[in-house]
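[1] how does the following fold in three dimensions:
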Amino acid sequence: MKKHIDKVRVYISSHKIISAVVLAMILLAGYWAYGKITSTTGETQYITTTVQKGVIVSSVTASGQVESSNQIDLKADVSNTITYVGVKPGDKVSKGKTLFLIDTKDAKKSIRDAEISLESAQISFEKFKIQNSNENMNADLAKSYDDGFNTVTNAFLDLPGIMSGLNDMFFKSDINTSQWNIDWYEGQVSSSDREEAAIFKKNFNDSYTIARDSYEKILDSYKSTSRVADAETIETLIADAYNTTKLISDSIRNARNYVDFVVDSISRQDRNTPSVIDTDKTSLNSYTSKTNTHLTSLLSSTTSIKSYKEAFLNNDLDTQSQQLSLKQKETALQDAKDKLSDYYIVAPFNGTIASVAVKIGDTSSGTLGSIITNQKIATLSMNEVDVSRIKLRQKATLTFDAVEDLSITGSVEEIDTIGTVSQGVVSYNVKIAFDTEDNRVKPGMSVSASIITDSKTDVLIIPSSAIKSQGTTKYVQMFSTPLTAPAAGSQGTPSKTAPVQVIVEIGISDDTNTEIISGLKEEDQIVSRTITVTATSTTGTTGTISTKSLLGGGRTPGM
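    Residues are numbered from 1 along each chain as shown. Take a look at the predicted model:
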């Protein structure tokens with residue numbers, strides 16, 4: 001660049017300043033054009049991540065105030081007949097004491113059903129592992145190749161006789177007339193049928209020539225191939241045998257068409273059909289039956305080998321599917337066992353029974369009673385969407401603005417059944433009992449709660465940002481060939497091919513991640529998000545060029 005600027009200065013020494021300015025503009029335009037050529041503006045880059053197994057906890061957050069002495073209504077999550085009432089008004093009770101018992105017959109049946117379902121899934125999985133072990137699958141695949149070679153061998157027990165029979169039938173010459181039999185057939189038709197007979201004759205002759213050439217080629221290949229040849233050679237041999245047999249079958253069909261036409265022509269001449277033609281027709285029918293049988297067997301061998309090869313490819317996916325089914329049955333059993341606790345209504349804390357509203361034989365559909373406590377309680381206000389996810393006795397974590405670094409656990413003990421409407425917005429009060437007491441927490445303090453609505457361990461999770469929607473369908477994007485790591489200084493990796501959409505079934509979500517139930521497997525690479533490059537990158541160093549520098553330090557040449 002210095003060389004170019006020096007030339008400008010020499011030029012300026014003998015011309016007016018306007019000429020230098022023009023040249024300076026040209027140089028600046030060159031810099032601009034160079035930057036445009038190397039621009040990556042508009043390029044799409046893909047940021048990827050991998051599917052991992054982990055723990056996911058779904059929760060709902062809300063805020064409210066701490067209250068001291070309070071009365072809480074005792075309610076049940078399930079509706080059935082009450083079989084036990086263990087308290088009366090005025091009784092002092094300790095945390096965890098059973099106050100009411102609801103008929104557990106249905107709950108215990110659900111547990112038994114879940115245990116049977118799990119046991120059945122375990123048996124199915126064990127059978128699957130035995131049937132789909134690598135040893136068994138290798139044995140099955142090896143047998144399919146051996147069976148395929150046997151099928152080819154059986155075909156070549158018949159094909160030589162069929163080809164020899166067709167040759168003798170149509171291409172063996174008469175000793176007396178030196179006339180091929182195919183021409184003899186043509187000589188049997190009337191003069192008016194000669195032109196059409198010639199067409200049938202040509203169709204057969206052409207198809208026979210093609211079949212014969214293919215047969216001679218595959219025969220040599222068959223003779224030189226061993227039963228213990230490699231898999232690819234056996235597959236090729238089976239495919240070639242099938243194609244050759246099909247060509248021979250087509251040739252036989254054309255021969256039958258030719259013979260049938262000749263017979264029809266003889267009949268129209270009121271002549272008797274020569275016995276040799278009847279013999280040939282019987283032979284052609286036999287050839288047709290044999291080739292059809294071999295075609296079916298060869299095709300079956302090809303399909304069998306393909307199925308066993310695909311089984312190898314799908315075995316990992318099938319194993320994961322079986323494991324997922326087993327995991328679902330285990331989860332269902334645990335859910336059924338957890339559900340059993342809903343039939344036992346226990347004291348959520350130490351307190352005094354204020355009232356008992358039911359007796360044995362009643363239905364547990366309303367308030368069973370109430371309990372008074374001096375223990376602190378958090379009263380939260382929740383909207384209608386969040387409260388629909390809340391259930392009694394769900395665990396919660398409480399934090400306080402006034403007491404930093406303090407976290408207390410608790411459980412949901414009361415949920416409003418009727419909401420309060422304010423300015424068109426419906427809200428519900430939810431009360432959470434503290435599991436422990438801390439003297440730093442005072443009545444009236446602000447409290448924030450995170451209520452755990454669901455949690456799962458050892459499940460597939462991905463960033464929620466990777467999940468896209470199309471109607472009710474959820475999908476992620478991924479590449480057939482995983483992308484390489486981003487280049488230094490880049491956030492993502494560009495790709496000339498677009499990612500494909502993979503439909504997924506999702507489960508629970510937390511603030512950042514979502515559970516994947518089906519559609520992906522561990523370590524799959526997916527697109528978490530895409531970015532479009534908007535900055536212009538150039539190689540080399542660019543600067544600002546001024547007319548002053550081009551004019552040689554501010555001199556006014558030619559003046």
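[2] right, and the secondary structure at Ser307 would be what?
    Look at Ser307: counting by DSSP: H, G, I helix; E, B strand; the rest coil, its state is helix.
[3] what's the local residue count around it?
    12 (other C-beta atoms under 10 Å). Glycine gets a C-beta too; all of them are placed from N, C-alpha and C.
[4] what pLDDT is listed against it?
    What the model reports for Ser307 is a pLDDT of 84.
[5] where does the stretch 401-550 of the chain dip in pLDDT?
    533-550 (pLDDT under 70).
[6] what are the ranges of the helices in it?
    Applying DSSP state H, counting those that start in this stretch to the stretch 401-550 of the chain gives helices spanning 547-550.
[7] do the same with the stretch 101-250 of the chain
    With DSSP H, counting those that start in this stretch as the criterion, the stretch 101-250 of the chain has helices spanning 105-131, 134-171, 181-187, 194-223, 231-268.
[8] so which elements touch the third one?
    What that stands for is helix 181-187. For helix 181-187, the packing partners by 3 or more C-beta pairs under 8 Å, 6 or more residues apart in numbering; DSSP states H and E come out as helix 134-171, helix 194-223, helix 231-268.
[9] likewise the last one?
    In this structure, helix 231-268 makes packing contacts with helix 134-171, helix 181-187, helix 194-223, helix 275-340, judged by 3+ C-beta pairs under 8 Å, 6+ apart.
[10] of these, which is nearest Leu118?
    When those are compared by C-beta to C-beta, helix 275-340 sits nearest Leu118, at 4.2 Å.
[11] may I see the buried residues of the helix or strand immediately after that closest one in the chain?
    Using DSSP states H and E, the helix or strand that follows helix 275-340 in sequence is strand 344-346. Across strand 344-346, burial judged by 16 or more other C-beta atoms under 10 Å covers Ile345, Val346.
[12] tell me the strands beside strand 344-346, with direction?
    Paired neighbours of strand 344-346 in the sheet (DSSP bridges): strand 98-102 (antiparallel).
[13] mind checking the pLDDT average for the strand it pairs with?
    95.
[14] tell me the buried residues in it?
    Leu99, Phe100, Leu101, Ile102.
[15] which one of the helices and strands packed on helix 181-187 is the most hemmed in?
    helix 231-268 (a mean of 19; mean count of other C-beta atoms under 10 Å).
[16] now it against helix 275-340, angle please.
    Here the directions of helix 231-268 and helix 275-340 differ by 140 degrees (axes from the mean of the first three to the mean of the last three C-alpha atoms, to 10 degrees).
[17] returning to what we had before: out of the helices and strands packed on helix 181-187, which gets nearest to Thr420?
    Evaluated over these, closeness to Thr420 peaks at helix 134-171, with 64.2 Å, by C-beta to C-beta.
[18] who does the closest one touch, helix- and strand-wise?
    helix 181-187, helix 194-223, helix 231-268, helix 275-340.
[19] nearest to Lys143, of the ones you listed?
    helix 275-340 (8.7 Å).
[20] the inter-axis angle of the closest one versus helix 105-131?
    140 degrees.
[21] and helix 275-340, how far out from the chain's middle?
    Relative to its parent chain, helix 275-340 has a centroid offset of 23 Å by C-alpha atoms, centre = their mean, to the nearest Å.
[22] and that helix with helix 134-171, angle?
    Going by the same axes, to 10 degrees, helix 275-340 makes 160 degrees with helix 134-171.
[23] show me what helix 275-340 packs onto, helices and strands only.
    For helix 275-340, the packing partners by 3+ C-beta pairs under 8 Å, 6+ apart come out as helix 105-131, helix 134-171, helix 231-268.
[24] looking at the buried residues of strand 98-102, spot the one nearest Phe349.
    For the buried residues of strand 98-102, the nearest to Phe349 is Leu99 (12.1 Å; C-beta to C-beta).
[25] show me the contacts for the closest one.
    By C-beta atoms under 8 Å, 6 or more residues apart in numbering, Leu99 lies in contact with Leu74, Val85, Gly86, Val87, Val93, Ile345, Val346, Ala347, Ile353, Leu368, Gly369.
[26] ok, the closest residue to Ala229 other than its chain neighbours - contacts?
    Closest residue to Ala229 apart from its sequence neighbours, by C-beta to C-beta, 6 or more residues apart in numbering: Leu237 at 7.7 Å. By C-beta under 8 Å, 6+ apart, Leu237 lies in contact with Phe149, Val152, Ile218, Ser221, Tyr222, Thr225, Ala229.
[27] any idea how far Leu237 is from Asp220?
    Applying C-beta to C-beta, to the nearest Å, the value for Leu237 to Asp220 is 11 Å.
[28] distance check, the closest residue to Ile451 other than its chain neighbours against Asp77.
    Of all residues not flanking Ile451 in the chain, Ala396 sits nearest, at 4.4 Å (C-beta to C-beta, 6+ apart). Per C-beta to C-beta, Ala396 is found 16 Å from Asp77.
[29] which one of the two has more residues nearby?
    Ala396 (25 against 14).
[30] tell me the pLDDT at that one?
    93.
[31] could I get the phi/psi values of Glu67?
    Main-chain dihedrals, Glu67, degrees, to the nearest 10: phi -120, psi 160.
[32] check contacts around the closest residue in space to Gln501 that isn't next to it in sequence.
    Once flanking residues are discounted, Gln501 sits nearest to Tyr475: 4.6 Å by C-beta to C-beta, 6+ apart. By C-beta under 8 Å, 6+ apart, the contact list for Tyr475 reads Ile467, Lys468, Ser469, Gln501, Val502, Ile503, Val504.
[33] again, only using 7 Å
    Lys468, Gln501, Val502, Ile503, Val504 (C-beta atoms under 7 Å, 6 or more residues apart in numbering).
[34] repeat that for Ala241.
    With C-beta under 7 Å, 6+ apart, Ala241 has these contacts: Val152, Ala155, Ile218, Leu298.
[35] try Ile461
    Applying C-beta under 7 Å, 6+ apart, the residues contacting Ile461 are Gln52, Gly54, Ile56, Asn513, Thr514, Glu515, Ile516.
[36] the residue lying closest to Ser446 once chain neighbours are set aside and Arg112: what is the separation?
    Using C-beta to C-beta, 6+ apart and skipping residues adjacent in sequence, the residue nearest Ser446 is Asp401, 4.9 Å away. According to C-beta to C-beta, Asp401 stands 49 Å off from Arg112.
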